[in-house]
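**Student:** The following block contains a protein sequence and its predicted model.
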Amino acid sequence: MTRGEGHQGPAWRGWRAAAREALYGPRGFYRRAEGPAGHFRTSVHASPLFAAAVAGLLCRVDEALGRPATLDFVDMAAGRGELAGGVLAALPADVAARTRAYAVEVAERPEGLDHRIEWLAEPPQGVTGLLFANEWLDNVPVEVAEVDAAGVARRVLVREDGTERLGEPVDGAQARWLARWWPLSGEAGLRAEIGLPRDEAWASAVATLDRGLAVAVDYAHTADTRPPFGTLTGFREGRETAAVPDGSCDITAHVALDACALPGGRLLPQREALRALGVSGARPPLTLASTDPAAYVRALASAGEAAELTAAGGLGDFGWLVQPAGIGDPL
């Protein structure tokens, strides 16, 4: 980013307001017809094994709930409904028959989506089942703070072209959040994303559950691994790019999931969560190649997809925040 000079004016905004407009405004990135899959690849797009694992988790929640007459599945930040559709397809027939699926997204309902999926702009209330938020919280806009030459943490202001300057000192609830979750030393240039809106968004999502489980999955960091210069970045057409709040790219930052967690919540890496749900990158036995070559090829492809979903340095490093509501932890 380049630094701007001069007085603060209407063109200068905090990153939270700028990103909210760029992502969710009338011409925002998430209003585009191609959807997120046109610009970046999530675990949902990497392999149907991911949706199958989430379906398996929904079945565990179903059992913990005592197999209710109606079982809810809520796909937060649903993109074009890929996860909700994949989960319904992977469920056993008896569970699928009792499942109400909801896709929560700001964009319009895509054509051809499974008719069983209800398309909503906000999550439903009174959920009994599983609320699953895959790469949602990283797109909840937040303010960015940077330490100035005097050692003061100030709010970073930005223009639509991505030019930045420092604004007023961080104070109030945002300053308290920084002190608790991401303390900045007095070294000039250190940055942090103030995750308070994400904590609030997650608490609101969990509050929609009467009983069941809420899961947030995202690139994340915890108190002992906070990056010194933050993680704010952009994505366009499959490539990382500068974060420019003009609606042309995704704007994202990793999530302080430990700050989001409510009492009873648990953090674990995606590789551990998926392995607990039966996703393994183990190669099939070579003997299968001679006894059933077609099955061996299918198993080998599945193992490759599982390895990608659980890989260190990649999708396996995602954090899972698992938050039970009125049930034991089923994972």
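**Tutor:** Everything's here; your move. Numbering: from 1, shown residues only.

**Student:** going forward, measure contacts and count neighbours with C-alpha atoms only.
**Tutor:** Will do.

**Student:** Let me see the confidence value for residue 271.
**Tutor:** Residue 271 carries a pLDDT score of 89 in this model.

**Student:** my guess is it contacts residue 310, does it?
**Tutor:** Yes - taking Cα atoms under 8 Å as the definition, residue 271 is a contact partner of residue 310 at 4.2 Å.

**Student:** show me where pLDDT drops low in the protein?
**Tutor:** Residues of the chain meeting the criterion pLDDT under 70: 1-10, 33-41, 43, 46-47, 281-286, 288-290, 292-293, 295-309, 311, 315-316.

**Student:** can you do 80?
**Tutor:** 1-10, 31-47, 238, 280-317 (pLDDT under 80).

**Student:** CA atoms of the longest strand along it as PDB?
**Tutor:** The longest strand of the chain (DSSP state E) is strand 209-218. Once non-C-alpha atoms are left out, strand 209-218 reads as follows in PDB (Å, rounded to 0.1, in the frame of the first residue of the first chain):
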ATOM      1  CA  LEU A 209     -29.000 -22.300  17.900                       C
ATOM      2  CA  ASP A 210     -31.500 -23.700  20.300                       C
ATOM      3  CA  ARG A 211     -29.600 -27.000  20.500                       C
ATOM      4  CA  GLY A 212     -26.800 -28.400  18.300                       C
ATOM      5  CA  LEU A 213     -23.400 -27.400  17.200                       C
ATOM      6  CA  ALA A 214     -21.800 -24.300  15.500                       C
ATOM      7  CA  VAL A 215     -18.500 -24.600  13.700                       C
ATOM      8  CA  ALA A 216     -16.400 -21.900  12.200                       C
ATOM      9  CA  VAL A 217     -13.600 -22.900   9.800                       C
ATOM     10  CA  ASP A 218     -11.000 -20.300   8.700                       C
END
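
**Student:** Please report phi then psi for residue 231.
**Tutor:** phi -130, psi 10 (degrees, to the nearest 10).

**Student:** if we can go back for a sec, ok, and what's touching the longest strand of the chain?
**Tutor:** By Cα atoms under 8 Å, 6 or more residues apart in numbering, the list of residues contacting strand 209-218 from outside reads 61, 65, 125-138, 206, 254-255, 270, 318-327, 329.

**Student:** In terms of secondary structure, what does the helix or strand that that strand is followed by contact?
**Tutor:** Downstream of strand 209-218, the next assigned helix or strand under DSSP states H and E is strand 220-221. With contacts taken as 3 or more Cα pairs under 8 Å, 6 or more residues apart in numbering; DSSP states H and E, strand 220-221 sits against strand 255-256, helix 257-260.

**Student:** related to what we said a few turns ago, for the longest strand of the chain, buried residues please.
**Tutor:** For strand 209-218, the neighbour count (16 or more other Cα atoms under 10 Å) marks 209, 211, 212, 213, 214, 215, 216, 217, 218 as buried.

**Student:** Which residues are in contact with the closest residue to the fifth one other than its chain neighbours?
**Tutor:** This points to residue 214. Of all residues not flanking residue 214 in the chain, residue 131 sits nearest, at 4.6 Å (Cα to Cα, 6 or more residues apart in numbering). Applying Cα under 8 Å, 6+ apart, one finds that residue 131 lies in contact with 72, 73, 74, 75, 76, 206, 209, 213, 214, 215.

**Student:** Thank you, goodbye.
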